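Student: Next input, structure requested:
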Amino acid sequence: MILSIDTSCDETAVAVVDGRRVLSNVIYSQVLLHKKWGGVVPSIAKRAHEERIDFVIQETLRKFFLSPVSDSFPPVLARSYPSTERRREPFLLDTQKKFQQIDYIAVTQGPGLAPALEIGIKKAKELAEKFNKKIISVNHLEGHIYSPFVQNSKGNPKIDFHFPYLVLTVSGGHTSLVIFEDHLKYKVIGETIDDAAGEALDKAAKLLGLGYPGGPVIERLAKEVDNRDFYNFPRPMVSSDNLNFSFSGLKTSFYYFLKKMNEKEKIKKIRELSSSFQQAVFETLIIKTEKAIKKTGIKNLALVGGVSANFYLRKLFRNLAKKYNGQVLFPSFKYLCGDNAAMIGVAASLKVQKNLFVSDIKNLDRIPRMSL
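Tutor: Residues are numbered from 1 along each chain as shown. Next up, the predicted model:
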């Protein structure tokens, strides 16, 4: 049994996992705290993690020991308990007794926001010392890579590993192409040299006055015009020989295009603008991934990270896999697209099998720019 913690950005997440099975999972999202600022503010994120981490851990343990977990085990953490839970008898958490059934503690070491990572690592070290547990440090990106293989408490979905995989990670902070060669063996073959794809979508949404986070809003607006391309914005670096990404130039092009439009025209064409920008980002991802297939010969694909929740992008990846007679995997449940501790725990379980524990807990520290 592994208690895993992830505070890499703006979600305070804790889970209890047994191998690939998630037995309890809680996420406290800070999205409303950052919404008015148009993005994640590190100092606010740190304070929110500090305020919520103990409660999230206790809630995770409470769900683990008292509540049966449903097939979809949605990560639920409301700001107040649902009425059905309020009617239960008070639950007195015997922390010492509960931790006797936890074998190890896993925590995200990086990459991520330094102030946010600090809170999770500090808490993991505190619990490890208090309850005499070993710690497994996990790279947040390898957690995402394992997200398509995460199972619920009943062991579903029953997906076996068929290495190697070509994994595209697409989120607000990361865009990379990785060969998943075997358990805990990764080879990065392409990554963004500036903005990540998710970050570009959020910035475009901000320029359109759509608020934060912008990706889901752009997805909805693009769907209303059938995801068509009206303005043919640049597809950055698609002609280059390497597999790296760049989205800052696309963002700049979009900015200057909007400057030529008045507010009335911008509002009138907001669906077409959203769809065209999204199309430019996604077509770039598809072109680069297809190049990677041709270069590596790997036909089994996986799309992970926050942007992998986008249904249109999933459709494009299914079509790409079909073109090469391959298969494509997505995070096994929607919540696994975003930041969560369940995927961190599953990656940690593979590290336990190889005895990859933190040797010196006192010197365990955050690595904000940690690479695979």
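Student: alpha carbons only for contacts and neighbour counts from here, please
Tutor: Fine.
Student: Could you list the buried residues of stretch 165-184?
Tutor: For stretch 165-184, a neighbour-count test (16 or more other C-alpha atoms under 10 Å) marks 165-180 as buried.
Student: Which members of those residues occur in strands, if any?
Tutor: Under the assignment DSSP state E, the buried residues of stretch 165-184 contribute 165-170, 175-180 to strands.
Student: can you count the residues close to residue 60?
Tutor: 24 (other C-alpha atoms under 10 Å).
Student: Run through the helices of the stretch 1-150 of the chain in chain order.
Tutor: Ranges of helices in the stretch 1-150 of the chain, per DSSP state H, counting those that start in this stretch, are 31-35, 42-66, 83-86, 95-99, 114-131, 140-146.
Student: of all those helices, which has the lowest average per-residue confidence?
Tutor: In terms of mean pLDDT, the lowest-scoring of those is helix 83-86 (a mean of 36).
Student: Endpoints of stretch 5-12, how far apart?
Tutor: Terminal residues of stretch 5-12 are spaced 8 Å apart (C-alpha to C-alpha, to the nearest Å).
Student: Just the pLDDT for residue 336.
Tutor: 97.
Student: hang on, the earlier thing: could you identify which of the helices of the stretch 1-150 of the chain is most buried?
Tutor: Highest mean neighbour count of the helices of the stretch 1-150 of the chain: helix 140-146, a mean of 26 (counted as mean count of other C-alpha atoms under 10 Å).
Student: Which elements pack onto it?
Tutor: In terms of contacts (3 or more C-alpha pairs under 8 Å, 6 or more residues apart in numbering; DSSP states H and E), helix 140-146 is packed against strand 104-110, strand 165-170, strand 301-304, helix 342-353.
Student: what about 6 Å?
Tutor: In terms of contacts (3 or more C-alpha pairs under 6 Å, 6 or more residues apart in numbering; DSSP states H and E), helix 140-146 is packed against helix 342-353.
Student: So which bits of the helix it packs on are buried?
Tutor: With burial defined by 16+ other C-alpha under 10 Å, the residues of helix 342-353 counted as buried are 342-349, 351-352.
Student: got it, and stretch 209-226?
Tutor: 210-223.
Student: What ranges does this protein have for its strands?
Tutor: Taking DSSP E to define them, one finds strands in the chain at 2-6, 11-18, 21-29, 104-110, 134-139, 165-170, 175-182, 185-191, 301-304, 328-329.
Student: Go through the ones you listed and name the closest to residue 228.
Tutor: Residue 228 sits nearest to strand 165-170 of all the strands of the chain, at 21.1 Å, using C-alpha to C-alpha.
Student: pLDDT (mean, whole number) over the closest one?
Tutor: The pLDDT scores in strand 165-170 average 98.
Student: For it, which strands pair with it and how are they oriented?
Tutor: Sheet pairing of strand 165-170 (DSSP bridges) gives strand 175-182 (antiparallel), strand 301-304 (parallel).
Student: Give me whichever of the strands of the chain is most buried.
Tutor: Counting by mean count of other C-alpha under 10 Å, the most buried of the strands of the chain turns out to be strand 2-6, with a mean of 31.
Student: Would you format the strands paired with strand 165-170 as JSON lines with mean pLDDT and distance to residue 239 included?
Tutor: Shown next, in JSON lines, are the strands paired with strand 165-170 (pLDDT from 0 to 100; distance: least, C-alpha to C-alpha, whole Å):
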{"stretch": "strand 175-182", "mean pLDDT": "98", "distance to residue 239": "17"}
{"stretch": "strand 301-304", "mean pLDDT": "98", "distance to residue 239": "22"}
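Student: now the ones you listed as CSV including distance to residue 276?
Tutor: Putting the strands paired with strand 165-170 into CSV (distance: least, C-alpha to C-alpha, whole Å) gives the following:
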stretch, distance to residue 276
strand 175-182, 20
strand 301-304, 21
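Student: Out of those, flag the one nearest residue 103.
Tutor: Closest to residue 103 of the strands paired with strand 165-170 is strand 175-182 (C-alpha to C-alpha; 25.0 Å).
Student: what's the offset of the closest one from the middle of its chain?
Tutor: Distance, stretch centre to chain centre, for strand 175-182: 15 Å (C-alpha atoms, centre = their mean, to the nearest Å).
Student: Chain neighbours aside, what residue packs nearest to residue 242?
Tutor: residue 190 (7.3 Å; C-alpha to C-alpha, 6 or more residues apart in numbering).
Student: Enumerate the beta-bridge partners assigned to that neighbour.
Tutor: residue 177.
Student: wait, isn't it in contact with residue 174?
Tutor: No: when contacts are counted by C-alpha atoms under 6 Å, residue 190 is not listed as touching residue 174 (11.1 Å).
Student: burial measure for residue 282, as a count.
Tutor: 18.
Student: How is the protein partitioned into domains?
Tutor: Using automatic domain parsing, the domains assigned to the chain come out as 2-157+335-363, 165-331.
Student: Out of those, which gets the lowest mean score?
Tutor: Among these, domain 2-157+335-363 scores lowest, with a mean of 86.
Student: gap between that one and the chain center?
Tutor: Its chain's C-alpha centre and that of domain 2-157+335-363 lie 13 Å apart, by C-alpha atoms, centre = their mean.
Student: any chance of the strands of the chain in JSON lines, plus distance to residue 155?
Tutor: Formatted as JSON lines, the strands of the chain follow (distance: least, C-alpha to C-alpha, whole Å):
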{"stretch": "strand 2-6", "distance to residue 155": "16"}
{"stretch": "strand 11-18", "distance to residue 155": "10"}
{"stretch": "strand 21-29", "distance to residue 155": "6"}
{"stretch": "strand 104-110", "distance to residue 155": "20"}
{"stretch": "strand 134-139", "distance to residue 155": "22"}
{"stretch": "strand 165-170", "distance to residue 155": "22"}
{"stretch": "strand 175-182", "distance to residue 155": "21"}
{"stretch": "strand 185-191", "distance to residue 155": "24"}
{"stretch": "strand 301-304", "distance to residue 155": "20"}
{"stretch": "strand 328-329", "distance to residue 155": "17"}
